[in-house]
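Participant: pasted the sequence and its predicted model underneath.
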Amino acid sequence: MKRNFKLVALTAATALTAGLLVAGASAKEVKIGVVLTYSGGAAHFGEQIGRGMDLYIKQHPEAFGGHTVKLIKRDSKRPGGDIAKNAVQELITREKVDLLTGFVFSPNAMASAPLATKGKVPMVIMNAGTAWIPSLSPYIARVSFTMWHSGYPMGKYAHDKLGCKTAAAGFTNYPPGKDSRNAFQTGLQEAGGKLVESIPMGGPRDVPDFTPFFQRVKDLKPDCFFVFVPAGNHAAAVFKTYSAVGLKAAGVRLIGPGDITQDTKLQGMGDGAVGMITMHHYAADYDNPENRAFVAAWKKAYGADTTPDFMAVQGWDGMAAIAHAIKAQNGDVTADGTINALKGWTYRSPRGSITIDPETRDIIMDANVHRVVKKGGRLMIEVIDTVPQVKDPCKALKIGKCAK
Ligand code: PHB
């Protein structure tokens, strides 16, 4: 990677004091390579995850067992995998990082996984959601989600509670999109519903014109239209096109994972979004003590008019997981030691209780049914149902690449 593409290394957790150390031990500085999208159309994701990480470090200096972390940030820019892979190579060989984290897009995590294995560097994934990613390296643990946490229960809920006997699926045509479609289809079919059309809708890098895809769905007139896009600008365009094409008026219900009702895009969706149902693991409106404290600290740090979204909480939780691993190893971070420390790790996150499944190294968490409501002049997410403590259904059901 060229020098001018590097972001300045940031020394964090400066507030840690050696006084927090176990007697006789010395404070270590743990080098963490952070690979996120800091520029381009997905820069917002890097900002959300990065802010969540920084906030955790600031609020919980004691959690690191008296050690410090140095975040060495690299911009993966786009979903293609190549830039992230080069960055990871450089972070391992030149910077000699102890741990890797970040990874917004699945292809970036997939391309980097063999390097984690070869370099024996643990990798904590803070977003990338394709279900089978942890099987690519024994040194991967994931604190975010899999596409099946939302897609599979959504398929069942859509059939049983929303009257979706028939559905079409539209998805961004790359691994997590196909995975989300498969998850939804599996849940829908198990419940007795039918997927009548499956539409790849362009790649993840640029937001396509969704009109022709949505027009096709209007012509087919299924009960429901399940859409996965990689959040952000894609999500904003999905709802706009849904309204413009007249799918709502035609009686086709738009559903999907919470990626399409992301907190940071919610107010821009307009009143037409009221009543929309999605399935996800976090919204800034969650009413629990951990989340109230998290959102208050966020607004204090980043501005009253800002809001964390699901990526922010994944950055926060990921840093909590990393802190736990550092403390458990007393600052001497290894790949095996990190993964062992994370297996079975449980935490009260702003999203609710989370655990890293010791068998799969993937997260176990609630899947919540989100309904968009309007209260006090703003759009909000209300949780109307919960599937408690979901283990990744793709691995539980041993489907496709999850069978390994
Ligand atoms: C992914 O590439 O795995 C991904 C990106 C954005 C999302 C969800 C999944 O919102």
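Facilitator: Thanks, I have the structure now.
Participant: report the buried residues of stretch 163-180.
Facilitator: Buried residues in stretch 163-180, counted by 16 or more other C-beta atoms under 10 Å: 164-172, 174-180. All C-beta atoms are positioned from the backbone trio N, CA, C, and that covers glycine.
Participant: actually stretch 109-118, not the one I typed
Facilitator: So for stretch 109-118, counting by 16+ other C-beta under 10 Å, buried means Ala109, Met110, Ala111, Ser112, Ala113, Leu115, Ala116, Thr117.
Participant: can you list contacts of it?
Facilitator: 35, 81-82, 84-85, 88-89, 92, 100, 103, 121-123, 125, 128, 130, 133, 136-140, 175, 335 (C-beta atoms under 8 Å, 6 or more residues apart in numbering).
Participant: what about the helices in the stretch 101-250 of the chain?
Facilitator: 106-119, 147-162, 175-191, 211-220, 232-245 (DSSP state H, counting those that start in this stretch).
Participant: need the buried residues of stretch 109-118 in JSON lines with distance to Gln48, can you?
Facilitator: Shown next, in JSON lines, are the buried residues of stretch 109-118 (distance: C-beta to C-beta, whole Å):
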{"residue": "Ala109", "distance to Gln48": "17"}
{"residue": "Met110", "distance to Gln48": "22"}
{"residue": "Ala111", "distance to Gln48": "22"}
{"residue": "Ser112", "distance to Gln48": "20"}
{"residue": "Ala113", "distance to Gln48": "23"}
{"residue": "Leu115", "distance to Gln48": "25"}
{"residue": "Ala116", "distance to Gln48": "23"}
{"residue": "Thr117", "distance to Gln48": "28"}
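Participant: okay, now the domains of this protein?
Facilitator: Segmentation of the chain into domains, based on automatic domain parsing, reads 29-145+287-361, 148-280+367-403.
Participant: OK, contacts around Ser135?
Facilitator: Applying C-beta under 8 Å, 6+ apart, the residues near Ser135 are Lys401, Cys402, Lys404.
Participant: repeat that for 6 Å
Facilitator: Residues in contact with Ser135 (C-beta atoms under 6 Å, 6 or more residues apart in numbering) are Lys404.
Participant: distance check, it against the ligand.
Facilitator: Plainly put, Ser135 is 15 Å away from the ligand if you go by C-beta to the nearest ligand atom, to the nearest Å.
Participant: can you give me the end-to-end span of stretch 129-146?
Facilitator: By C-alpha to C-alpha, to the nearest Å, the extent of stretch 129-146 from end to end equals 4 Å.
Participant: what mean pLDDT does it get?
Facilitator: If you average the pLDDT over stretch 129-146, you get 98.
Participant: that stretch: how far from the chain's middle?
Facilitator: Centre-to-centre, stretch 129-146 and its host chain are 11 Å apart (C-alpha atoms, centre = their mean, to the nearest Å).
Participant: hmm, back to that, got JSON lines for the helices of the stretch 101-250 of the chain, with distance to Ile326 too?
Facilitator: Formatted as JSON lines, the helices of the stretch 101-250 of the chain follow (distance: least, C-beta to C-beta, whole Å):
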{"stretch": "helix 106-119", "distance to Ile326": "17"}
{"stretch": "helix 147-162", "distance to Ile326": "27"}
{"stretch": "helix 175-191", "distance to Ile326": "29"}
{"stretch": "helix 211-220", "distance to Ile326": "46"}
{"stretch": "helix 232-245", "distance to Ile326": "31"}
